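Colleague: I need the structure of the sequence given here:
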Amino acid sequence: MLSSSARPRVRSTSRRAVSAGPTAALALVATLTLAACSDAGSLATGGATTAPAGSPTTSTTYPLTLDNCGFEVTFTGAPRQVVTIKSSTTEMMLALGLGDRIVGTAFPDGPVPEQWADAAAAVPAVVTPMADKVPGAEAVLTLEPDLVYAGWESNLTAEGAGDRTTFQQLGVQTYVSPSACKDEAYKPDPLTFDDVFAEIDEAGQIFDVAGTATELVAAQRAELDALEPDDRGLTALWYSSGSDIPYVGAGIGAPQMIMDAVGVENIAASVQDTWTPFSFEEIIAADPDVIVLVDSAWNTAQSKIDALKANPATANLTAVQGDRFLTVPFPATEAGVRNVDAVKDLSAQLAALTIP
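Modeller: Here you go, the predicted model:
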């Protein structure tokens with residue numbers, strides 16, 4: 001078990017301005033082609049959903065108003081037709097047993113992990129994403145969603161999938177993963193597992209599956225508490241991408257949270273950001289004991305290993321000389337339901353390394 005001094009950093013997270021109240025009338029924007037959401041997809045139905053068998057029956061009271069990254073969102077019922085943007089949001093839906101609500105997915109960061117593979121295979125919108133990157137607003141509206149669930153705030157702009165105000169005027173609500181909020185008043189600083197679990201609970205509230213969310217959080221907390229952080233005092237570099245200038249995990253985001261739980265010291269922890277450019281000169285000066293490599297289709301872990309070994313400046317790093325590499329799939333590096341699995345996997349890889 002994790003001792004109080006060795007536990008990953010957590011802090012209690014209060015949900016800002018969560019309340020029930022009258023729903024304002026939604027103005028239609030005549031210049032857009034969407035006439036109306038279907039009855040099954042409309043939030044105005046106010047129909048409650050039922051938690052899967054075996055889950056506690058805690059029903060959401062609608063209307064439900066949330067302050068999401070500084071944007072007020074009101075749900076008059078559980079969303080029925082959802083477009084997800086980024087793997088983290090798609091996997092949240094699958095983990096909560098809500099795959100049948102997904103009508104479109106976009107910007108996948110990698111394959112769905114094994115534990116949700118069967119559920120994903122049953123959802124055509126997950127099997128065939130609507131776009132490899134951020135979709136356009138017209139493509140999103142064609143699917144007649146009642147909710148667009150985005151992993152990043154930047155997904156919901158006029159240049160991206162559409163801005164939040166316009167969506168709301170059309171009767172389409174939007175929700176951004178709270179861990180990705182950019183405003184200083186909302187950005188987790190630092191991100192903790194309490195923040196991650198709070199999003200699971202809030203998603204359960206939005207979709208009226210609070211019991212399922214509670215069970216998922218309890219299971220993940222138990223898995224996290226059962227892990228013993230490495231006690232060898234090892235330092236680590238979290239290398240995400242980049243060749244000329246590496247882009248690495250900094251001191252307040254998911255990489256830092258995961259490294260804290262694994263029990264390694266982040267050499268870029270002093271940088272007050274989630275991710276940051278970090279020069280090879282700084283990496284060489286720190287000479288980390290291990291290097292965590294993010295594995296993505298656009299910048300594989302092996303390509304980074306090859307580059308580190310081929311570069312005379314980095315070939316002599318202690319971690320490179322000793323092949324002390326740990327790998328983590330990109331989707332597990334963003335705050336969400338895969339973070340605990342990332343800790344478990346990296347901990348097992350680290351334990352298998354022989355370090356004098």
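Colleague: now do the helices in this structure.
Modeller: In the chain, the helices defined using DSSP state H lie at 87-95, 117-121, 124-127, 137-142, 164-169, 193-206, 210-225, 254-262, 280-286, 301-310, 318-321, 339-351.
Colleague: count of residues packed around the closest residue to Gly151 other than its chain neighbours?
Modeller: With Cβ to Cβ, 6 or more residues apart in numbering as the criterion, Gly151 has its nearest non-adjacent residue at 2.7 Å, and that residue is Lys86. For the C-beta atoms, the positions are set from N, CA and C on the backbone; glycine is no exception. A count of nearby residues for Lys86, using other Cβ atoms under 10 Å, gives 25.
Colleague: ok, which stretches of this protein are strands?
Modeller: 64-68, 71-75, 82-85, 102-106, 147-150, 173-176, 235-241, 247-249, 265-266, 275-277, 290-295, 325-329 (DSSP state E).
Colleague: tell me the mean pLDDT for the first one?
Modeller: To tie it back to what came earlier, the one meant is strand 64-68. Per-residue pLDDT values across strand 64-68 average out to 98.
Colleague: same check, this time on the longest one
Modeller: Averaging pLDDT along strand 235-241 yields 97.
Colleague: again, but for the fifth one
Modeller: What strand 147-150 shows for mean pLDDT is 98.
Colleague: what's the most buried one of the strands of the chain?
Modeller: Neighbour counts (mean count of other Cβ atoms under 10 Å) averaged over each of the strands of the chain peak at strand 82-85, with a mean of 29.
Colleague: ok so, going back, wait, which of the strands of the chain is closest to Ala222?
Modeller: Nearest of these to Ala222, taken as Cβ to Cβ: strand 325-329 at 21.5 Å.
Colleague: neighbouring contacts of that closest one?
Modeller: Counting by Cβ atoms under 8 Å, 6 or more residues apart in numbering, the neighbours of strand 325-329 from elsewhere in the structure are 110, 113, 236, 258, 290-296, 301, 305, 319, 342, 345-346, 349-350.
Colleague: ok, the closest residue in space to Asn155 that isn't next to it in sequence - contacts?
Modeller: If you skip the residues right next to it in sequence, Asn155 has Ile85 as its closest partner in space, 4.5 Å away by Cβ to Cβ, 6+ apart. Taking Cβ under 8 Å, 6+ apart, we find Ile85 in contact with Thr105, Ala106, Phe107, Val134, Pro135, Val148, Tyr149, Ala150, Gly151, Trp152, Asn155, Ala161.
Colleague: same check on Trp298?
Modeller: Counting by Cβ under 8 Å, 6+ apart, Trp298 touches Ser241.
Colleague: next, give phi and psi for it.
Modeller: Backbone torsions of Trp298, given as degrees, to the nearest 10, read phi -90, psi -10.
Colleague: from memory Asn266 sits against Ile252, does it?
Modeller: No - here Asn266 lies out of contact with Ile252, judged by Cβ atoms under 8 Å, at a distance of 10.5 Å.
Colleague: if you skip the residues just before and after it, what's nearest to Gly263?
Modeller: With Cβ to Cβ, 6+ apart as the criterion, Gly263 has its nearest non-adjacent residue at 2.9 Å, and that residue is Pro229.
Colleague: so the one you found is in contact with Val262, correct?
Modeller: Yes - Pro229 lies in contact with Val262 (Cβ under 8 Å); the separation is 6.3 Å.
Colleague: same drill for these two, tell me which one is more crowded.
Modeller: Shown here are Pro229 and Val262; by other Cβ under 10 Å, Val262 has more neighbours (26 against 20).
Colleague: tell me the pLDDT of the more buried one.
Modeller: With respect to pLDDT, Val262 scores 98.
Colleague: what does Gly47 give?
Modeller: The predicted local distance difference test score for Gly47 is 35.
Colleague: and Asp244, by the same measure?
Modeller: According to the predicted model, the pLDDT of Asp244 comes to 87.
Colleague: then Thr354?
Modeller: We have a pLDDT of 88 for Thr354.
Colleague: Thr142 now?
Modeller: At Thr142 the predicted local distance difference test score is 98.
Colleague: what of Ala139?
Modeller: As predicted, Ala139 sits at a pLDDT of 97.
Colleague: surely it touches Ala131?
Modeller: Yes - using Cβ under 8 Å, Ala139 is in contact with Ala131, at 6.8 Å.
Colleague: mind giving me the domain ranges of this protein?
Modeller: 43-223, 235-351 (automatic domain parsing).
Colleague: any idea which of these scores lowest on pLDDT?
Modeller: Mean pLDDT is lowest for domain 43-223 among these, at a mean of 92.
Colleague: what about it, distance to the chain center?
Modeller: Here the centre of mass of C-alpha atoms in domain 43-223, compared against the chain's by Cα atoms, centre = their mean, to the nearest Å, lies 10 Å away.
Colleague: next: stretch 320-335.
Modeller: 17 Å.
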